[in-house]
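**Student:** Only the shape, not the letters, is given here:
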């Protein structure tokens, strides 16, 4: 197979080794002048499939090291190697007939070169034309079959009037093992009809007859209608042509076969249009009554009556009128088949019309017929001056002209007016201990503009609904949203507040936001700022500038700003409480330790009570109980142990 190596060790030196095809299987190269390779090793190529390869070994020098004359050099050949080539069961193998005849006669050879190895070739009759042998008994074997039609040496075998096919069977697998009997790949050759195919049923073509094609019963034949010609003549070829003015076939054939389908025109073949033509069938008989092929130019030929009632091309005559943004078209020639797409409508630009340095374009509504309107060109005007693009503020008119009628539509790009011309800001409530300021680039002071901030301690599923999970995906392990500020610019007019929308701010305007960091953010291990426009439109602000307890950053639009912290992020007062609590616990533990190590005992209400001596007052000893009650006792009323105090009770 391709890629395998064929090698030889000649055991003699010096020699030359050349490799050839030996498809004649006679042990000699088919063409000495055309070796397929040289050297002691040859690597099989894809194009070698199915060929028989041999090597020719030539000794160049005599024993005394002198050169042999060219025609005296000793030569020998290797054993032939057939290159494996698998059968393609779906592909018929072409055959060759003696002198390239189409129908062989007695003694002619049918030869097949399957280019497949190793194979068996058997020849059979296939008179029913199904591409399969009519019986299981072959009429011959081998790559060449000699036709007997009939043969004097074998009068019992007559191939006359038969159709012959070859069946090619592959016997071995690529690894050289045999296929099981029912698994062998097979294919067939192209069928060959032997001379004498029409000994009994042959019907000659009547050249005098002028058959009339069968057509639909209608005044005018249209696209898709079929024209059919019938003839009893044996083995004829029917071709269809346009006629010239005298009714004779002209040009190349437009179709072949008994039936021709009109294209007037056809969407699948728009370049072929039968309108404005007459069509004729030309019938030719290829073989005579003996099955012999007529010589070129001598074939009997018959012409049908021409078909003349094919519809003619419609000569469109469109007129155009314009009303506003619409051009209407109408064909004044009766019988026009174009009934749709007769309007061309201009559509104004959509979306925001505030100047933002983007081009606005007028479009044409889909559905207009390009055959009617061609390729319309839209032109733009600002006043009386034609412009190439509509970008700057102003009023524009778009025009399109077809057939002298002009449709037009006007639109206005509004100049950007900075509705947010304030740099003043209003702090959010002092209870939040936050200052948020907003400055809009290029704006001036205006007391009716303020900043409104809605404070959220966190984002919850209830607040954000289905968007909650999407926002949470922005958080890494150990992170949480601790504070969210929704920042808005507000204009107050006559006591009525109006939120200034992002679309009211000129695109590209720099908006600077300054925030005091919340206390829990200051105490966190780390923090991030997430700018939230929507659940699917978020971005981290990474280019902020921190100055002590404040951060500043620039944005192009305002919305929600979330602080994300990592770590507990306790406020200062919480930390102070934790410190105080810790000190109190430590003091309590110390007090208890002292109380139980250096304790004394007194008797109160008939019970021995543990106390701690903490001083004297005049002649009395001052003691403190566990719960900080103070007692004054005489020295003989303070005991060193519980047992001593209990003994006093007795």
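**Tutor:** Great, that's in hand. These figures come from a predicted structure and were not determined experimentally.
**Student:** helices or strands next to the helix or strand residue 344 falls within in the packing?
**Tutor:** Per DSSP states H and E, residue 344 falls inside strand 343-347. Packed against strand 343-347 by the contact rule (3 or more Cβ pairs under 8 Å, 6 or more residues apart in numbering; DSSP states H and E) you find strand 326-331, strand 363-364, strand 394-402, strand 405-413. Placement of C-beta: from N, CA and C, glycine included.
**Student:** Which is the succeeding secondary structure element to the lengthiest strand in the chain?
**Tutor:** Criterion DSSP state E: the longest strand present in the chain is strand 479-493. Under the assignment DSSP H and E, the closest C-terminal helix or strand after strand 479-493 is strand 496-499.
**Student:** The following helix or strand past that next one vs strand 479-493, what angle?
**Tutor:** Heading C-terminal from strand 496-499, the first helix or strand you meet, by DSSP H and E, is strand 511-516. On the basis of axes from the mean of the first three to the mean of the last three Cα atoms, to 10 degrees, strand 511-516 is oriented at 120 degrees to strand 479-493.
**Student:** So which residues of the stretch 301-450 of the chain form helices?
**Tutor:** Assigned by DSSP state H, counting those that start in this stretch, the stretch 301-450 of the chain shows helices spanning 370-373.
**Student:** ugh, wrong one, I meant the stretch 451-600 of the chain
**Tutor:** With DSSP H, counting those that start in this stretch as the criterion, the stretch 451-600 of the chain has helices at 461-464, 468-472, 519-522, 572-597.
**Student:** Figure out how far the strand holding residue 344 is from the centre of its chain.
**Tutor:** Offset of strand 343-347 from its chain centre (Cα atoms, centre = their mean, to the nearest Å): 34 Å.
**Student:** How about stretch 517-525?
**Tutor:** Relative to where its chain is centred, stretch 517-525 has its mean C-alpha point 49 Å off (Cα atoms, centre = their mean).
**Student:** mind listing what's buried in it?
**Tutor:** Of the residues in stretch 517-525, those buried under the neighbour-count criterion (16 or more other Cβ atoms under 10 Å) are 517-521, 523-524.
**Student:** any low-confidence regions in the stretch 501-650 of the chain?
**Tutor:** 502-504, 506, 535, 568-598, 626-628, 650 (pLDDT under 70).
**Student:** The same query, at a cut-off of 90, please.
**Tutor:** When residues are selected by pLDDT under 90, those of the stretch 501-650 of the chain lie in 501-527, 530-539, 542, 546-551, 555-650.
**Student:** And stretch 132-151, what's buried?
**Tutor:** 133, 138-140, 143-149.
**Student:** Can you name the two of those residues that sit furthest apart?
**Tutor:** When the buried residues of stretch 132-151 are compared pair by pair using Cβ to Cβ, the farthest-apart members prove to be 143 and 149, with a separation of 20.1 Å.
**Student:** Quick one: residues contacting the closest residue to residue 349 other than its chain neighbours.
**Tutor:** Nearest residue to residue 349 in three dimensions, chain neighbours excluded: residue 360, at 4.1 Å (Cβ to Cβ, 6 or more residues apart in numbering). By Cβ atoms under 8 Å, 6 or more residues apart in numbering, the contact set of residue 360 is 349, 353, 390-391, 396, 411, 413.
**Student:** filter the residues you listed to the buried ones?
**Tutor:** Buried residues within the contacts of residue 360, counting neighbours by 16+ other Cβ under 10 Å: 349, 390, 396, 411, 413.
**Student:** what separates the third one from residue 406, distance-wise?
**Tutor:** Spelled out, it's residue 396. According to Cβ to Cβ, to the nearest Å, residue 396 stands 15 Å off from residue 406.
**Student:** measure stretch 379-394 end to end?
**Tutor:** With Cα to Cα, to the nearest Å applied, stretch 379-394 spans 16 Å between its terminal residues.
**Student:** Ok, stretch 204-220 next?
**Tutor:** Stretch 204-220 has an end-to-end distance of 34 Å (Cα to Cα).
**Student:** Same check on stretch 394-410?
**Tutor:** Looking at stretch 394-410, the gap from its leading to its trailing residue is 11 Å under the measure Cα to Cα.
**Student:** How about stretch 74-93?
**Tutor:** Between the opening and closing residues of stretch 74-93 there is a gap of 40 Å (Cα to Cα).
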